[in-house]
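Participant: Dropping a prediction and its sequence here:
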Amino acid sequence: MEEESVLELMKLGYLPSPDFAEYFNVNSKFVFDILKKKKNVGGGPIILTLDLWNVLSKIDLPKINWIEFESSRAHVEKKRNGKVYSTFMDILKYDVSQDNKKKVDTILESVKDEPETVVVKDGRIVPSVLVLKNMDIEDKLRELGDFVNFFKARYNSLSEILQTRESLRHVVSISKILNKMDKERVAVIGLISDKRYTKNGNIIFKVEDLTGLIDVLVNKNKSDLFNLAQDLVLDEVIGVSGMLGERIIFADDVVFPDISLAHELKKSKDEVFAVFTADLHVGSNNFYKDDFLKFIDWINGKSGDEKQVEIAKKVKYLFIVGDLVDGIGVYPGQENELVIKDIVQQYDLCYELLSRIRKDVRIVICGGNHDALRMAEPQPPLDRKFASSLYNLSNAVFVTNPSFVNINSSEDFPGFDILLYHGFSFVYYANNVNSIRSKGNTIRADLIMKFLLQKRHLAPTHTSSMYIPNPESDFMVIDRVPDFFISGHLHRTLVGNYRNVTLISCGCWVGQTPFQSKLGIVPDPSRISLVNLKTREVKILKFGGK
């Protein structure tokens, strides 16, 4: 956050937490418009976290013991008993009176220039799309030390997750293991820096932590473990337990950061629908414009039978996960496949199409590798210089690639957390992970998404995508468990479920190009994924294609 913004918040009696800072940087005007009309009644300042803000943005805070509240929050952060904090959050509920309704109207008037940020529901303000995490980073010269600190940050983030696993409760640093006696049971957490097969067909890989490096051997006779080890990729962070030999661990278990089996399958109380799509590639001579216009007619309730029209009217969210336009100079010979050879004009046509969608549908847009952005991830929101026309969409929210957003929250429902990633790294894992390659390669985006959730990282291997190393944190780490994981890039419409996370690979609106054929990408165009947020049922609707 900018220093001026922090000081302004302090004057209002609040200290921003890191997770709130990310939200604030995207929604600063909305935050200040609300906070300036509320009093900090706690004798504060108080730490303004994202979950506290979700309450504060809707109600006036009651007079509670804020010192105890802060203490209970600290217990949660240290992974201790969170019951007291949960109780505090439960009592921060409030029925909106007529007086508060007037305050809602006042705040709405102050943010009328930004209608996409809020909606009114039951007499109160509810963000229609809450940006939980934009993953952009500062543009500056990178040095070797930035790469070192980047991988350290990755190790520390994923190590914290792994240390909660029961099988790694006795984990120690590699430097201490090297001083232990042979034939002792040990457990380590490290980043894979090398992997190879021995003459006997076993697998040896090196794991590295902040203190040292050690070899790990997986015997081919341990079939389940060996099959798992075959899919290990460089630079991922794992836990290993086994028997110590001379500067080597004979593994009997490999543990991934993974997501919990206990992750809740959330369902909305009201019947609301969300649509997910990607890869429009406006400007290409292969763009299926007529099919996309059919989709627009449907979402506007102008086509289909009575039931389809009824469903269309309940669509409140549309996600477009990258590659809105075909771009310029993305691959050799692309200029021969363009009907619009000016990037601004490509975005202008895209705006003209999206502007036809009814305004009560919130459109969430992130970029992709064909958009006019840097190729290195994380990618910032669409560039206002090239895509200025799209920013005239009053119902659009622009986020980074990747990003986390929350939709459909209410007084008694936390909403759905959605991880968006266009998927540039997917081709690498389709080609280099044995179990994915043998089951369909690039046509099995669902397997790739499951694989990356297990690793808790969107592109763990150094060469799997272009990226900008942030020395403070690795933004490609999946540090929170989503309800939906949405991707594009492979032009395949697929739906899956992994531990109550709905996986959706979005289709496209373009035919296959010779370049895509070389990459093994076989599109199934003109399809959308329609999700009933009340039942979590996903249906694929087709609007043409070839």
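Facilitator: Perfect, thanks for sending it.
Participant: going forward, measure contacts between C-alpha atoms and count neighbours the same way
Facilitator: Will do.
Participant: where do the strands sit along the stretch 401-546 of the chain?
Facilitator: 403-407, 416-421, 484-487, 494-498, 501-505, 527-532, 537-542 (DSSP state E, counting those that start in this stretch).
Participant: Where does pLDDT dip in the stretch 401-546 of the chain?
Facilitator: Filtered on pLDDT under 70, the stretch 401-546 of the chain yields the residue ranges 411, 545-546.
Participant: What ranges does it have for its helices?
Facilitator: Secondary structure of the stretch 401-546 of the chain by DSSP state H, counting those that start in this stretch: the helices cover 426-432, 434-437, 445-455, 514-519.
Participant: could you dump these to JSON lines with mean neighbour count and distance to residue 129?
Facilitator: JSON lines is the format used below for those (neighbours: other Cα atoms under 10 Å; distance: least, Cα to Cα, whole Å):
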{"stretch": "helix 426-432", "mean neighbour count": "21", "distance to residue 129": "27"}
{"stretch": "helix 434-437", "mean neighbour count": "18", "distance to residue 129": "34"}
{"stretch": "helix 445-455", "mean neighbour count": "23", "distance to residue 129": "23"}
{"stretch": "helix 514-519", "mean neighbour count": "12", "distance to residue 129": "33"}
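Participant: For residue 85, find the nearest of those helices.
Facilitator: Counting by Cα to Cα, residue 85 lies closest to helix 445-455 out of the helices of the stretch 401-546 of the chain; the figure is 28.5 Å.
Participant: ok, residues contacting that closest one?
Facilitator: With Cα atoms under 8 Å, 6 or more residues apart in numbering as the test, helix 445-455 has contacts from 236-237, 256-259, 426, 429-430, 436, 458-459, 478, 485, 490, 492, 494-496, 498, 503-505.
Participant: quick one on the thing from earlier: nearest to residue 216, of the helices of the stretch 401-546 of the chain?
Facilitator: That would be helix 445-455 among those, by Cα to Cα, at 18.5 Å.
Participant: picking up where we left off before, export the strands of the stretch 401-546 of the chain to a markdown table and tack on mean neighbour count and distance to residue 520?
Facilitator: What follows is these, written out as a markdown table (neighbours: other Cα under 10 Å; distance: least, Cα to Cα, whole Å):
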| stretch | mean neighbour count | distance to residue 520 |
| --- | --- | --- |
| strand 403-407 | 21 | 27 |
| strand 416-421 | 23 | 20 |
| strand 484-487 | 25 | 17 |
| strand 494-498 | 18 | 16 |
| strand 501-505 | 24 | 16 |
| strand 527-532 | 22 | 20 |
| strand 537-542 | 14 | 23 |
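Participant: Could you dump those into JSON lines with distance to residue 397 added?
Facilitator: Shown next, in JSON lines, are the strands of the stretch 401-546 of the chain (distance: least, Cα to Cα, whole Å):
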{"stretch": "strand 403-407", "distance to residue 397": "10"}
{"stretch": "strand 416-421", "distance to residue 397": "13"}
{"stretch": "strand 484-487", "distance to residue 397": "16"}
{"stretch": "strand 494-498", "distance to residue 397": "24"}
{"stretch": "strand 501-505", "distance to residue 397": "20"}
{"stretch": "strand 527-532", "distance to residue 397": "19"}
{"stretch": "strand 537-542", "distance to residue 397": "23"}
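Participant: out of those, nearest to residue 269?
Facilitator: Taking Cα to Cα, strand 527-532 is the member of those nearest to residue 269, at 10.9 Å.
Participant: Could you pull up the residues touching residue 188?
Facilitator: 168, 171, 172, 173, 174, 239, 240, 241.
Participant: Identify the residue nearest the first one in space, chain neighbours excluded?
Facilitator: On the basis of Cα to Cα, 6 or more residues apart in numbering, the spatially nearest residue to residue 168 that is not a chain neighbour turns out to be residue 187, at 6.1 Å.
Participant: Ok, the second one next?
Facilitator: Beyond its immediate neighbours in the sequence, the residue positioned closest to residue 171 (Cα to Cα, 6+ apart) is residue 187, lying 4.6 Å away.
Participant: Which neighbours in the sheet does the strand or helix carrying that neighbour have, and how are they oriented?
Facilitator: Residue 187 is part of strand 185-197 when elements are defined by DSSP states H and E. Sheet pairing of strand 185-197 (DSSP bridges) gives strand 203-208 (antiparallel), strand 237-244 (antiparallel).
Participant: coming back round to it: just the buried ones from the contacts of residue 188, in PyMOL syntax?
Facilitator: Selection of buried members from those for PyMOL, criterion 16 or more other Cα atoms under 10 Å:
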select buried, resi 168+171+173+174+239+240+241
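Participant: Just name the closest of the contacts of residue 188 to residue 421, please.
Facilitator: Taking Cα to Cα as the measure, residue 421 lies nearest residue 239 of the contacts of residue 188, at 25.9 Å.
Participant: OK, contacts around the spatially closest residue to the closest one that is not a sequence neighbour?
Facilitator: Nearest residue to residue 239, sequence neighbours excluded (Cα to Cα, 6+ apart): residue 189, at 4.3 Å. Residue 189 makes contacts with 159, 162, 171, 172, 173, 207, 208, 209, 237, 238, 239, 240, as judged by Cα under 8 Å, 6+ apart.
Participant: rerun that using 10 Å as the cut-off
Facilitator: Shown in contact with residue 189 (Cα atoms under 10 Å, 6 or more residues apart in numbering): 155-156, 158-160, 162-163, 168, 171-174, 207-210, 237-241, 254-256.
Participant: same deal with residue 279?
Facilitator: 287, 320-326, 367-371, 422, 488-491, 506-510, 525.
Participant: Residue 17 too?
Facilitator: With Cα under 10 Å, 6+ apart, residue 17 has these contacts: 46, 47, 48, 49, 50.
Participant: Okay, buried residues for the helix or strand where the second one lies please.
Facilitator: Under the criterion DSSP H and E, the helix or strand holding residue 47 is strand 46-48. Of the residues in strand 46-48, those with enough neighbours to count as buried (16+ other Cα under 10 Å) are 46, 47, 48.
Participant: Tell me the spacing between the second one and residue 262.
Facilitator: This points to residue 47. 29 Å (Cα to Cα, to the nearest Å).
Participant: and what of the last one?
Facilitator: Taking Cα to Cα as the measure, residue 48 falls 28 Å from residue 262.
Participant: next one: the first one
Facilitator: Counting by Cα to Cα, the gap from residue 46 to residue 262 is 32 Å.
Participant: picking up where we left off before, I'd like the contacts of residue 17 as TSV, with pLDDT appended.
Facilitator: Shown next, in TSV, are those (pLDDT from 0 to 100):
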residue	pLDDT
46	71
47	81
48	80
49	82
50	79
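Participant: from those, which single one is nearest residue 26?
Facilitator: Out of the contacts of residue 17, the member with the shortest distance to residue 26 (by Cα to Cα) is residue 50, at 12.9 Å.
Participant: can you give me phi and psi for the closest residue to the closest one other than its chain neighbours?
Facilitator: In this structure, residue 50 finds its nearest non-sequential neighbour in residue 20, 4.7 Å apart by Cα to Cα, 6+ apart. Backbone torsions for residue 20, taken as degrees, to the nearest 10, come to phi -70, psi -30.
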